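Novice: pasting the sequence and the predicted model now:
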Amino acid sequence: MKKSLVYLFCMLFSALWMMSCSTTKRAEKSLSIDGMDKNEYVEKVLSSQNKWQAVTARMTLELKADGKKSTSVGGSLRIKRGEVIQLSLAPLLGIEIGRAEITPEGMLVVDRINKRYVRVSFEELKALSHVDLTYDMLQALFLNEMFAPGKSRLSERDFKCELGTDKASWELRKGKPFSYRYLTELPEGRLTRSEIGLMGTAYGVHWTYADFRLLAQDMFPTHMEASFEGSKRPLSAVLHLSRLSVNGDWESHTTISSKYQKVELADLIKILF
C-alpha cells in the first residue's frame, strides 16, 4: 500500500517546516447522560456541527520528529467556512516569512524569504496520491468537527455510536477504503479526537483537541495536535492558539507578486521528501 494519506497531510506541515528553518460500556436502555438518553445525546452532538463561519487566532506551530521538538514558530490561523484556511508564519515583529493557503480548489504555499510559491490543485493531489483529499475534510479537522465524505450534513444513520463511561466513540459506517473514527466527551459532546486511516494498514492521521476556550458562546480547542501514523519516522504538528475571534473581515485570497517564482509540484515533492 502507498503511504499517500500520510504524505498528503505531511505536505502542509512539512512546507511550513521548510520555510521556518475501551472503557466500560453502559447498558443503553438505562443510560442517562445529563438528563438525556442516547438518541438525544447523538442529536445534540450532530446539531452542534458548523458552529463557526469564521475563526481567527494567533498561532504557535511546533513540529516534532521522533517525539522530540524540532522547530517552533509563531504566526496566525484564519479560516472562512467554505472559502479558505490560511496559516501564516511570522516569527519576528509580525513580519510574514511564509504562508500556506488552502481553498476548495487546492493549496498555495508562499515562501516570502526566497520569493517563490507553489500552487497545487486538489485534482493534481488526487492524481498523485489516489486519495480523495478534499477541502471539506481539512476544514473539519481545523474547525473541530466530524466529517463524512460527500456529506454536507451528518445524521445518526451515518455513524455507529457507542457510549462509554466518559467518552462516546463514533465510527463512520460507509468510509471504505478509509476508516473515520471520532471521540466525543460525555455529557458535553465536545470532539476530542479524529482518526482517519487507510483500512488494513498502519497509515493514518490522528488529530486531537484539548484546552477548550469560549468562542462566540461555544467552546473551541486552543490545542490541536496532528500525528502522522505508519511512517518509519514519527511526525507530528502541534498548534497552540490564542486571541481567538470570529472576525471575518479580512482578505480571503493571497495575491502573488510578479517578482515571485512559481515552483512546480515535482520540485515541491523533491524539496519536501
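Specialist: Received it, and whenever you're ready, just let me know what you need.

Novice: where's residue 77 relative to residue 191, distance?
Specialist: Distance from residue 77 to residue 191, counting by Cβ to Cβ, to the nearest Å: 17 Å. To be clear about C-beta, it is placed using only N, CA and C from the backbone, and glycine gets the same treatment.

Novice: for the residue nearest to residue 65 when sequence neighbours are not counted, give me the pLDDT.
Specialist: Leaving aside its sequence neighbours, residue 65 sits nearest to residue 235 (Cβ to Cβ, 6 or more residues apart in numbering; 5.6 Å). The model reports residue 235 with a pLDDT of 81.

Novice: next, count neighbours for residue 235.
Specialist: Neighbour count of residue 235, defined by other Cβ atoms under 10 Å: 21.

Novice: and it, how far from residue 89?
Specialist: In terms of Cβ to Cβ, residue 235 sits 18 Å off from residue 89.

Novice: sorry, back to before: more crowded one of residue 77 and residue 191?
Specialist: Counting neighbours by other Cβ under 10 Å for residue 77 and for residue 191 shows that residue 191 has the greater number, 24 against 19.

Novice: what packs against the helix or strand residue 107 falls within?
Specialist: Residue 107 is located in strand 106-111, with elements delineated by DSSP states H and E. On a contact count with 3 or more Cβ pairs under 8 Å, 6 or more residues apart in numbering; DSSP states H and E, strand 106-111 meets helix 4-20, strand 98-103, strand 116-121, helix 122-129.

Novice: moving C-terminal of the first one, what's the next helix or strand?
Specialist: Think helix 4-20. Remark: after helix 4-20, the chain's next helix or strand is helix 38-47, criterion DSSP H and E.

Novice: contacting residues around whichever helix or strand comes after that next one?
Specialist: Once the chain leaves helix 38-47, the next helix or strand it forms, by DSSP H and E, is strand 54-65. Here strand 54-65 makes contact (Cβ atoms under 8 Å, 6 or more residues apart in numbering) with 13, 16-17, 20, 69-81, 87, 89, 143, 215, 220, 222, 233-248, 250.

Novice: strand 54-65 pairs with which strands, parallel or anti?
Specialist: strand 68-80 (antiparallel), strand 235-245 (antiparallel) (DSSP bridges).

Novice: just the CA atoms of the last one, as PDB, please.
Specialist: This file holds the C-alpha atoms of strand 235-245, laid out as PDB (Å, rounded to 0.1, in the frame of the first residue of the first chain):
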ATOM      1  CA  LEU A 235       6.000  13.200  12.700                       C
ATOM      2  CA  SER A 236       3.500  15.400  14.500                       C
ATOM      3  CA  ALA A 237       2.400  19.100  14.300                       C
ATOM      4  CA  VAL A 238       1.100  20.900  17.300                       C
ATOM      5  CA  LEU A 239      -0.900  24.100  17.100                       C
ATOM      6  CA  HIS A 240      -1.200  26.400  20.200                       C
ATOM      7  CA  LEU A 241      -3.900  29.000  19.700                       C
ATOM      8  CA  SER A 242      -4.600  32.300  21.500                       C
ATOM      9  CA  ARG A 243      -6.600  35.500  20.900                       C
ATOM     10  CA  LEU A 244      -9.500  33.700  19.300                       C
ATOM     11  CA  SER A 245     -12.100  35.600  17.500                       C
END
